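*Asks:* I would like to see how this sequence folds:
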Amino acid sequence: MDGSEIPKKQPVTVTRDELYQQVWQTPMSRLADNYGITGNGLAKICDKLSIPYPPRGHWAKKAAGKKVVTYRLPVAGESTPLKVTISPTPTAPKEPALPIVAREAVETTLAAEIKVPEKLNRPHEIIARWLADRELRKQEARRERDPWRKKHLDPGELTQVAQRQHLILDTLFKVLEKQGARIKEGERRELLIELQGEKLEVQLREKQKQVRRPPTAEEKKNWLYRDRQIVQELLPSGKLVFSIKTYLPAGLRQEWIESDQKRLEELLPDILATLVAAGPLLVEQRRNREEAERQRQIVERQRYEEQQRKKRDNNRWRHFIELAGDWRQLEIARAFLEIMKQTDIDPEKEIGGRKIGDWLKWAEGRISATDPMANGVEAIFDSVAAVTEWTYRD
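*Replies:* Residues are numbered from 1 along each chain as shown. Below is the predicted model of the structure:
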């Protein structure tokens, strides 16, 4: 088998001699492609089987008519495999296509013009509440006389980045509400976007950057920094990051980081499209989850019912065996009683306050009363049918 006859996408078993012939007849990259693997993967297989293969530039020299060297196949060592099965590298699964409803929502959102204003006019109620809370803290700080408490109460002036956050979120909230979404804050003050009954937790924050610097004179007074030449700390970068904290199906993007080339305002259409698409996808995911749970409950109920049926059947068999045992014991007792009657006895003799004749009648009565066959076969199976899975508690 030469390199051109290899069936693609199927595992192929090849001997050491055959693979040696192939690597000297067909360039490694083309041969590897025929096997459905990489050239590096084929080289590793050759190394494992101690198969020499052409060095770099071999085929170019040969095509130019220059003399090339073909290395001989060395004798296989004791631990060298004499054949190998080469399996093609599985292709990466395709990203699942968006459902029609989600695709239509994305197209509608992308078609709409989304513009972030330069100033905050009539802010969304959540933004307005944040600003009102901030103003209350500033007023409380102005009234505070203790310098330490005053410093920690005062939120300071809004930074340019914070103002951008408000403008972006205000635009995002208003556009989403036009799409039928509801915006709210959770118990931990996390931002929640409710779309078609599904909640998405989102976050807009300033990206932090790690910087290295020498410790300050004040820090060197602290024993923690005394022997340190470099201090690492996180500082605001001025760049915004928008994240969707809730897991999204279908491989949807979950984070957008602005760069010097593209600000987050320019990424807003893509963010909105993703959020709008997530609604029907999460609904579908929930329905699939509910259907899977329904199927699980059906299987569980069937398993339970089958378990109870087996238990009931085992209990009925147990009762049948008990009846058979009772009947066998009664047969022994009946035979025993007949032997007693045939003996030379005085029926008038009293034992324990009762005549022997009366004792014999008592034994006959007990046998008749407890005989499972006394009322026929139907009565036996009536008794068996009355047994349930709960008849025996052990």
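
*Asks:* What count of nearby residues applies to the nearest residue to residue 27 once chain neighbours are set aside?
*Replies:* Leaving aside its chain neighbours, residue 27 sits nearest to residue 59 (5.1 Å; criterion: C-beta to C-beta, 6 or more residues apart in numbering). (Glycine included, C-beta is placed from N, CA and C.) If you count neighbours by other C-beta atoms under 10 Å, residue 59 ends up with 15.

*Asks:* ok, then the element right after the helix or strand encompassing residue 59?
*Replies:* Applying DSSP states H and E as the criterion places residue 59 in helix 58-63. Going down the chain from helix 58-63, the next helix or strand is strand 83-86, by DSSP H and E.

*Asks:* okay, and for the stretch 51-200 of the chain, where does confidence drop off?
*Replies:* 91-113 (pLDDT under 70).

*Asks:* where do the helices sit along the stretch 251-394 of the chain?
*Replies:* Ranges of helices in the stretch 251-394 of the chain, per DSSP state H, counting those that start in this stretch, are 264-342, 356-370, 377-385.

*Asks:* Reformat the ones you listed as TSV; add mean pLDDT, distance to residue 228 and mean neighbour count.
*Replies:* Output for these, formatted as TSV (pLDDT from 0 to 100; distance: least, C-beta to C-beta, whole Å; neighbours: other C-beta atoms under 10 Å):
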stretch	mean pLDDT	distance to residue 228	mean neighbour count
helix 264-342	92	36	14
helix 356-370	93	95	13
helix 377-385	94	86	12
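
*Asks:* I'd like these laid out as JSON lines, including distance to residue 188.
*Replies:* Below are those laid out as JSON lines (distance: least, C-beta to C-beta, whole Å):
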{"stretch": "helix 264-342", "distance to residue 188": "20"}
{"stretch": "helix 356-370", "distance to residue 188": "73"}
{"stretch": "helix 377-385", "distance to residue 188": "61"}
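
*Asks:* before we move on, the earlier item: who's in contact with the helix holding residue 59?
*Replies:* Identification of contacts with helix 58-63 by C-beta atoms under 8 Å, 6 or more residues apart in numbering yields 27, 67-68.

*Asks:* make it 6 Å
*Replies:* Under the criterion C-beta atoms under 6 Å, 6 or more residues apart in numbering, residues 27, 68 lie in contact with helix 58-63.

*Asks:* what residues go with each domain of this structure?
*Replies:* Split into domains by automatic domain parsing, the chain comes to 3-86, 100-290, 304-385.

*Asks:* Return the distance of the second one from the chain's centre.
*Replies:* Centre-to-centre, domain 100-290 and its host chain are 27 Å apart (C-alpha atoms, centre = their mean, to the nearest Å).

*Asks:* ok, now stretch 48-66?
*Replies:* What separates the centre of stretch 48-66 from the centre of its chain is 48 Å, taken as C-alpha atoms, centre = their mean.

*Asks:* likewise stretch 30-39?
*Replies:* The chain centre lies 34 Å from the centre of stretch 30-39; the measure is C-alpha atoms, centre = their mean.

*Asks:* buried stuff in that stretch?
*Replies:* The neighbour-count check on stretch 30-39 (16 or more other C-beta atoms under 10 Å) flags 31-37 as buried.

*Asks:* In TSV, list the residues you listed along with distance to residue 83, pLDDT and secondary structure.
*Replies:* Converted to TSV, the buried residues of stretch 30-39 look like this (distance: C-beta to C-beta, whole Å; pLDDT from 0 to 100; DSSP: H, G, I helix; E, B strand; the rest coil):
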residue	distance to residue 83	pLDDT	secondary structure
31	17	90	helix
32	18	89	helix
33	21	88	helix
34	18	88	helix
35	14	88	helix
36	18	87	coil
37	16	89	coil
